[in-house]
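K.L.:
kindly generate the corresponding structure for this input.
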Amino acid sequence: MRVCSLGSGSKGNCIYINVEGQGIVIDNGLSCRELKNRMLSIGLGFSDISHILITHDHSDHVKGIGILARETQAKVYAHPQCFKAIVGKVGDVDYCGDNENYENGFYIGGVFVKPFRTPHDATYSVGYRIEGEGKVFALATDLGVVTESILKHLTGTDLTVIESNHDINMLKKGHYPEQLKRRIMSNRGHLANFETANAILKLAPSSKRFLLAHLSEDNNLKELAFKESGNALKSIGAEKGDIILDILDQYIPSKIYDI
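P.N.:
The predicted structure is shown next:
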């Protein structure tokens, strides 16, 4: 299984996974030109994409879905309520997720995809757990709280992408309107660094590699997000090399993680 981030943040999100010969993209909030350039910079191309999974209907996750799906002829998967909210934006695509039991999971070739509900102020928001080649990948971004159900789906992974959106003090003292601050800090908003660190503490016994995602450009710093989760891991005796912790960037593709 190979995984890389092509963009992570409010200006556009996209994760690429290759497993069992399937090229799977989770979300695309980038223009197709930008996405193509970023893929080319790490040795990938649109021919590597055959399936697109959608987490929710916000523009930083779906803005580039329609054109990408038509250019690649990729199949598109989203919860029916989510797809209903975006169909006018994405246009004519090969939609394969018209199933009210979407969260029960489905197969893409030999790859099992398990969506799970995430609390966010979107029409219908999910994360994904993907299993293939004896490996497990999971993604949970855009969520206001880490529920027990979410923890269950993030347990026992080989690689987890988890949101670490804001530093709570930067957000409270920042320039955002109070209403927006309350929305971000709510149970349907975004995770603060300390909330992510607490989740990683619970997951660390069974999962050893975490990528911190969807950092706010206005209310966070990479150093703060890394320090919060890193200190949490140190508190349980995790030494350097025991657990891998990386930060995903908004503008630069990550390295390709072979797991």
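
K.L.:
quick one: the strands in the protein?
P.N.:
With strands called from DSSP state E, the chain shows them at 2-7, 14-19, 22-26, 51-53, 75-77, 94-95, 106-108, 111-117, 126-132, 135-140, 159-163, 209-213, 244-247, 257-258.

K.L.:
would TSV of these with mean neighbour count, distance to Ile65 and mean pLDDT be doable?
P.N.:
Bear in mind the C-beta positions are built from the backbone N, C-alpha and C, glycine included. Output for those, formatted as TSV (neighbours: other C-beta atoms under 10 Å; distance: least, C-beta to C-beta, whole Å; pLDDT from 0 to 100):
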stretch	mean neighbour count	distance to Ile65	mean pLDDT
strand 2-7	24	14	98
strand 14-19	24	10	98
strand 22-26	24	9	98
strand 51-53	24	6	98
strand 75-77	21	7	98
strand 94-95	15	11	97
strand 106-108	16	17	96
strand 111-117	19	16	98
strand 126-132	24	15	98
strand 135-140	24	16	98
strand 159-163	27	19	98
strand 209-213	24	19	97
strand 244-247	17	25	95
strand 257-258	15	24	96
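
K.L.:
can I get those in a markdown table including distance to Lys181?
P.N.:
Output for those, formatted as a markdown table (distance: least, C-beta to C-beta, whole Å):
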| stretch | distance to Lys181 |
| --- | --- |
| strand 2-7 | 25 |
| strand 14-19 | 27 |
| strand 22-26 | 28 |
| strand 51-53 | 30 |
| strand 75-77 | 34 |
| strand 94-95 | 36 |
| strand 106-108 | 38 |
| strand 111-117 | 25 |
| strand 126-132 | 24 |
| strand 135-140 | 22 |
| strand 159-163 | 17 |
| strand 209-213 | 21 |
| strand 244-247 | 23 |
| strand 257-258 | 34 |
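
K.L.:
which one, of those strands, ends up nearest to Gly43?
P.N.:
Nearest to Gly43 among those is strand 2-7 (10.0 Å), distances taken as C-beta to C-beta.

K.L.:
so what strands line up beside the closest one?
P.N.:
Using DSSP bridges, the strands paired with strand 2-7 are strand 14-19 (antiparallel), strand 257-258 (antiparallel).

K.L.:
which one of these lies closest to Val161?
P.N.:
strand 14-19 (6.5 Å).

K.L.:
quick check, Asp94 in contact with Tyr77.
P.N.:
No - Asp94 is not in contact with Tyr77 according to C-beta atoms under 8 Å; the separation is 10.0 Å.

K.L.:
now the closest residue to Lys255 other than its chain neighbours: how far from His51?
P.N.:
Using C-beta to C-beta, 6 or more residues apart in numbering and skipping residues adjacent in sequence, the residue nearest Lys255 is Cys4, 6.8 Å away. Distance, Cys4 to His51, using C-beta to C-beta, to the nearest Å: 16 Å.
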